[in-house]
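Colleague: I would like to see how this sequence folds:
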Amino acid sequence: MKIQFAKIILLSISSISLFSCKYDTFKPPKSNFTDKQLYDSCKNTATLVYYKNDPTTVHSGVHGPHGAFKLKFNKIAALALTDGGKLPEGKSFPDGSLVVKEVESDGLFAFMYKNKSNWLWGEAKADGTTVFSINSDPKSACINCHNQTGQRDLTVSFKYY
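Modeller: Numbering: from 1, shown residues only. Predicted coordinates:
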């Protein structure tokens, strides 16, 4: 009798565990933006500020996958930069911030857009073709590198430049 009762308990626990598991599937943060709209924002130089206000500096890009780049911010993000032109450690960019890497070799735009406290990650070729959609899971291509020690709200460039 005790053995049957133990089997029923084990079967019940196994069933509860099996059916209550939730898979960690990526759901993009809700956004009213499209890849194309954010790409267009990356190209709108009138609304962007160069890193440390220097449009001539090309960063080597040796610490990441993008290659040599120019770094730009929209005005919302630029207002958060106070620590020698950097985001202070432990601080976060406000919603609406756009951080853009314009890759010199091929004109690729790699960008991060802060939406409802989450980053939307994207990449587009110079002609606007989406390489990495804001609706893709950033863990596969972005978060691993951007989650390094010394980062400031997942912006790694401040660690090296």
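
Colleague: for Gly64, give its distance to Phe132.
Modeller: 14 Å (Cβ to Cβ, to the nearest Å). C-beta: built from backbone N, CA, C; applies to glycine.

Colleague: and the residue nearest in space to the middle of the chain, what does it touch?
Modeller: Centroid-nearest residue in the chain: Trp121, 4.1 Å away (criterion: Cα atoms, centre = their mean). Shown in contact with Trp121 (Cβ atoms under 8 Å, 6 or more residues apart in numbering): 111-112, 132, 134, 136, 138, 141-142.

Colleague: could you check stretch 54-74 and say which residues are buried?
Modeller: For stretch 54-74, the neighbour count (16 or more other Cβ atoms under 10 Å) marks 59, 61, 64, 66-67, 69-74 as buried.

Colleague: save these as CSV, and put in pLDDT too.
Modeller: Below are the buried residues of stretch 54-74 laid out as CSV (pLDDT from 0 to 100):
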residue, pLDDT
His59, 93
Gly61, 89
Gly64, 84
His66, 85
Gly67, 89
Phe69, 95
Lys70, 95
Leu71, 96
Lys72, 97
Phe73, 97
Asn74, 97
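
Colleague: those: which two are farthest apart?
Modeller: Gly67 and Asn74 (22.6 Å; Cβ to Cβ).

Colleague: and which of the buried residues of stretch 54-74 is nearest Leu48?
Modeller: For these, the nearest to Leu48 is Lys72 (4.2 Å; Cβ to Cβ).

Colleague: quick one: that closest one and Asn53 touch, right?
Modeller: No. Contact criterion Cβ atoms under 8 Å: Lys72 and Asn53 do not qualify, at 10.6 Å.

Colleague: sitting in strands, which of the contacts of Trp121 do you find?
Modeller: Using DSSP state E, the members of the contacts of Trp121 that fall in strands are 111-112, 132.

Colleague: now, of those residues, which are buried?
Modeller: Buried members of the ones in strands among the contacts of Trp121, counted by 16+ other Cβ under 10 Å: 111-112, 132.
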